[in-house]
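J.: Mind folding the following:
(2 chains, ligands or ions: 2)
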Amino acid sequence: MTVKHHLTDDLLMAYSAGDLPEAVNLIVATHISLCDECRAALGSYDAIGGAVLDTCDSSDMSKTSLNAVLDMIHAQNTQTHTKPETDAAKDDVLPAPLRDYVGGGLESVRWRSAGMGVKQAILPTSRDATARLLYIPAGIAIPDHGHQGLELTLVLKGAFQDDGGYFGRGDIEVATEDLNHTPVADISEDCICLAVTDAPLKFKGLVPRIAQPFLGI
Amino acid sequence: MAAADGTETLTKGTTNTVVPFVDDLVAVRDTRDEAAFIRVFGHFGPRVKSFLMRTGMDSALAEECAQEVLVTVWNKAHLYDATRASPSTWIFTIARNKKIDVLRKQRRPEPEELPWGPEAEPDQADVVGLQQESEQLGRALRDLPEKQRELIEKAYYGELSHSEIADQTGLPLGTIKSRIRLALERLRHSMK
Ligand SMILES: [Zn+2]
Ligand SMILES: [Zn+2]
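T.: Ligands and ions are numbered 1, 2, ... in the order given. The predicted structure follows:
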């Protein structure tokens, strides 16, 4: 695997702690599905969580608590011991966390045209941040824009390029308020990305009036 | 589970002197050992309850959720991998998911599970090494200057926004990360 652009430490730690909006959790989980480097880093952040759990005082539990738990495990079907699912629904483009939100592989995505051949599909998450799949034809640019908040863009197929560098499958761009950029899809292949924003994008000049309605922001 | 025999012998030995409850969790996993589960409950139940209270639950809700967390420990024990997580770490992830489910009422997207190769038997050195490093990490956390330790604890209790999570230096994350990475590479290699 040749992922070059990774998650930041604060995102990994906040994902481990469980403090991120659902849409951000989704893009973090998707990147980690494609990146052993960040999967290992997450393991170490989870280990801090374990150490924090260890330092908790122990609160008394009621005397009936243990019996309640034993009753619950006895009441269950003994056949809960299932192996992790195999790759029945494997998809070359969408890793498992995205397949869950799309309801299948790439062919299940409900694209909506956004003009100039660009298509998008907004995924169902809580409203504190937005996750959308973007389909950008080879060589097409997303208009120059800045951000009021965080924007995370993860490449699933093809590649794009902007001031932040060249991003291929598995690479994630973490863009904050100070970055204005114009991602251009590589000319060799159409590009599919997962993009997550925690605030509306700001487009510059005339383009915004075209772009904002089509991106639904 | 294919690894049952190997795991059984390798975890009797030295692991118990390093991090408690590895053997118990493995016994729950491989032989559905209830006595071992009761020991795990006795240690972790009250800590999970405290943890959940710190994240904002009242005592009654935290107790109910702590019970459910321990039931999940029993049900998902087959997923426990001693080369990738200490018992505290693994139980922390279950408690955290409970918190998200109950307090935020959200789904928690998880990374794609790495498929299990037929020969992905854990190496004893990996088990012991990871458990030792987890122990060192715990000590390092306890030895941090008060302010810094509080910052980290607050992040995990959900008392900080992620933009406030700034500086986590001083914790030996590098070694534990490279050990987990090694285990992942071995796992992927064994699948080829
Ligand atoms: Zn990465
Ligand atoms: Zn942007």
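
J.: Could you use CA atoms for every contact and neighbour count after this?
T.: Fine.

J.: Which residue, other than its chain neighbours, is closest to the residue of chain A found nearest chain B?
T.: Closest residue of chain A to chain B, C-alpha to the nearest C-alpha: A:Gly50 (3.8 Å). In this structure, A:Gly50 finds its nearest non-sequential neighbour in B:Thr89, 3.8 Å apart by C-alpha to C-alpha, 6 or more residues apart in numbering or on different chains.

J.: Just list the residues touching the one you found, thanks.
T.: Going by C-alpha atoms under 8 Å, 6 or more residues apart in numbering or on different chains, B:Thr89 touches A:46-51.

J.: Most neighbours out of these, which is it?
T.: Within those, A:Ala47 tops the neighbour count with 30 neighbours, counted by other C-alpha atoms under 10 Å in any protein chain shown.

J.: That one belongs to a helix?
T.: Yes: the assignment for A:Ala47 is a helix, going by DSSP: H, G, I helix; E, B strand; the rest coil.

J.: gap between it and ligand 1?
T.: From A:Ala47 across to ligand 1, the span is 18 Å (C-alpha to the ion, to the nearest Å).

J.: Let me know the secondary structure of the one residue sitting closest to the centre of chain A.
T.: Geometric centre of chain A, nearest residue: A:Ile27, 0.7 Å, by C-alpha atoms, centre = their mean. Here A:Ile27 takes the helix state, with states given by three-state DSSP.

J.: which residues does it contact?
T.: A:131, A:152, A:154, A:194-196.

J.: quick revisit: quick check: the residue of chain A closest to chain B touching B:Ala95?
T.: No: the criterion here is C-alpha atoms under 8 Å, and A:Gly50 misses it with B:Ala95 at 10.1 Å.

J.: Give me the distance between A:Lys63 and ligand 1.
T.: Counting by C-alpha to the ion, the separation of A:Lys63 from ligand 1 is 45 Å.

J.: same check, this time on B:Gln106
T.: Distance from B:Gln106 to ligand 1, counting by C-alpha to the ion: 24 Å.

J.: cool, and A:Asp128?
T.: 24 Å.

J.: what number of residues lie near B:Glu113?
T.: Neighbours of B:Glu113 (other C-alpha under 10 Å): 12.

J.: Please read the previous query as pertaining to B:Thr31.
T.: B:Thr31 has 12 neighbouring residues, counting by other C-alpha under 10 Å.

J.: Helix or strand for the residue with the largest distance to the centre of chain A, just tell me which one.
T.: No residue in chain A sits farther from the centre than A:Lys63, which is 42.5 Å out by C-alpha atoms, centre = their mean. Following DSSP states H and E, there is no helix or strand that holds A:Lys63.

J.: Report the contact partners of it.
T.: Shown in contact with A:Lys63 (C-alpha under 8 Å, 6+ apart): no residues.

J.: tell me the pLDDT at B:Ala95?
T.: pLDDT recorded at B:Ala95 is 96.

J.: Angles on the backbone of it, please.
T.: Dihedral angles of B:Ala95 (phi, psi; degrees, to the nearest 10) stand at phi -60, psi -40.

J.: what's the neighbour count on residue 42?
T.: I went with chain A, as the question did not name one. Count around A:Leu42 with other C-alpha under 10 Å applied: 21.

J.: That was the other one, I meant chain B.
T.: Neighbour count for B:Gly42, taken as other C-alpha under 10 Å: 14.

J.: I would like the residues contacting the helix or strand harbouring it, please.
T.: Assigned by DSSP H and E, B:Gly42 belongs to helix B:34-54. Contact partners of helix B:34-54, identified using C-alpha under 8 Å, 6+ apart, comprise A:53-54, A:56-61, A:66, B:21, B:24-25, B:27-28, B:59, B:62-63, B:65-67, B:69-70, B:74, B:92, B:95, B:99, B:157.

J.: Pull out the buried members of the residues you listed.
T.: Among these, the ones that count as buried by 16 or more other C-alpha atoms under 10 Å in any protein chain shown are A:53-54, A:56, A:58-59, A:61, A:66, B:21, B:24-25, B:27-28, B:59, B:62-63, B:65-67, B:69-70, B:74, B:92, B:95, B:99, B:157.

J.: Report the spatially nearest residue to residue 59, omitting neighbours in sequence.
T.: By default, I'm working from chain A. Of all residues not flanking A:Ser59 in the chain, B:Pro46 sits nearest, at 4.8 Å (C-alpha to C-alpha, 6+ apart).

J.: oops, I was thinking of chain B
T.: In space, and not counting its chain neighbours, B:Ser59 is closest to B:Met53: 6.4 Å by C-alpha to C-alpha, 6+ apart.

J.: ok, the one you found - how many residues close by?
T.: By other C-alpha under 10 Å, 20 other residues sit near B:Met53.

J.: List the contacts of A:Lys119.
T.: Per C-alpha under 8 Å, 6+ apart, neighbours of A:Lys119: A:111-113, A:134-136.

J.: Nearest to ligand 1, out of those residues: which one, please.
T.: Ranked by distance to ligand 1 (C-alpha to the ion), the contacts of A:Lys119 are led by A:Leu134 at 20.4 Å.

J.: Which stretches in chain B count as strands?
T.: For chain B, no strands turn up when DSSP state E is the criterion.

J.: How about chain A?
T.: Counting by DSSP E, the strands of chain A are A:112-113, A:119-122, A:130-136, A:145-147, A:151-157, A:160-162, A:165-167, A:172-175, A:184-185, A:191-197, A:201-203.

J.: related to what we said a few turns ago, confidence-wise, which of the contacts of A:Lys119 comes last?
T.: A:Ser113 (88).

J.: For the residue lying closest to that one once chain neighbours are set aside, give me the pLDDT.
T.: The shortest distance from A:Ser113 to any non-neighbouring residue, by C-alpha to C-alpha, 6+ apart, is to A:Lys119 (4.5 Å). pLDDT recorded at A:Lys119 is 91.

J.: With the one 10 residues further on instead?
T.: Note on A:Ala129: pLDDT of 88.

J.: show me what contacts it?
T.: By C-alpha under 8 Å, 6+ apart, the contact set of A:Ala129 is A:21-24, A:196-199.

J.: Which members of those residues additionally contact ligand 1?
T.: Among the contacts of A:Ala129, not one lies near ligand 1 by C-alpha under 5 Å from the ion.

J.: Tell me where the model's unsure across chain A.
T.: Scanning chain A with the threshold set as pLDDT under 70 gives A:1, A:77-89, A:143-147, A:180, A:199-217.

J.: Kind regards, and thank you for your time.
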